[in-house]
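Participant: model this:
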Amino acid sequence: MKRQIAAAAMLILLSACGQTADLKPETGRALPAAPYGRADQPTAEELVAPVPQAAPERSVELLTRSQERPNDPFDLPPE
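Facilitator: Predicted coordinates:
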């Protein structure tokens, strides 16, 4: 019984962690200055969004069907 109460309490606490409101700087503080070469200051959402280099998308499917892979001359055993 105690485990069930503890599990329910943990779920309630964890569900309260999520924030759905817009991001804003703390009172009395401002967002960072605009990067060099940019005229406007980025918003909080733009600062949090990852750049394409952080999570690149795959441009092509490597294997579209089951087929034998070509020999890789650089597939060497570890030393």
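
Participant: Geometric centre of the chain: which residue is closest?
Facilitator: residue 50 (6.7 Å; CA atoms, centre = their mean).

Participant: I'd like to know how far it sits from residue 56.
Facilitator: Separation of residue 50 from residue 56 (CB to CB, to the nearest Å): 10 Å. C-beta: built from backbone N, CA, C; applies to glycine.

Participant: ok, now residue 66?
Facilitator: The value you get for residue 66 to residue 56, if CB to CB is used, is 26 Å.

Participant: ditto for residue 79
Facilitator: For residue 79, the distance to residue 56 - CB to CB - is 30 Å.

Participant: And residue 14, by the same measure?
Facilitator: 31 Å.

Participant: ok, back up a step: which one of residue 66 and residue 56 has more residues nearby?
Facilitator: Between residue 66 and residue 56, residue 56 has the larger neighbour count (other CB atoms under 10 Å), namely 8 against 5.

Participant: Mind pulling the model confidence for the more buried one?
Facilitator: Looking at residue 56, its pLDDT is 75.
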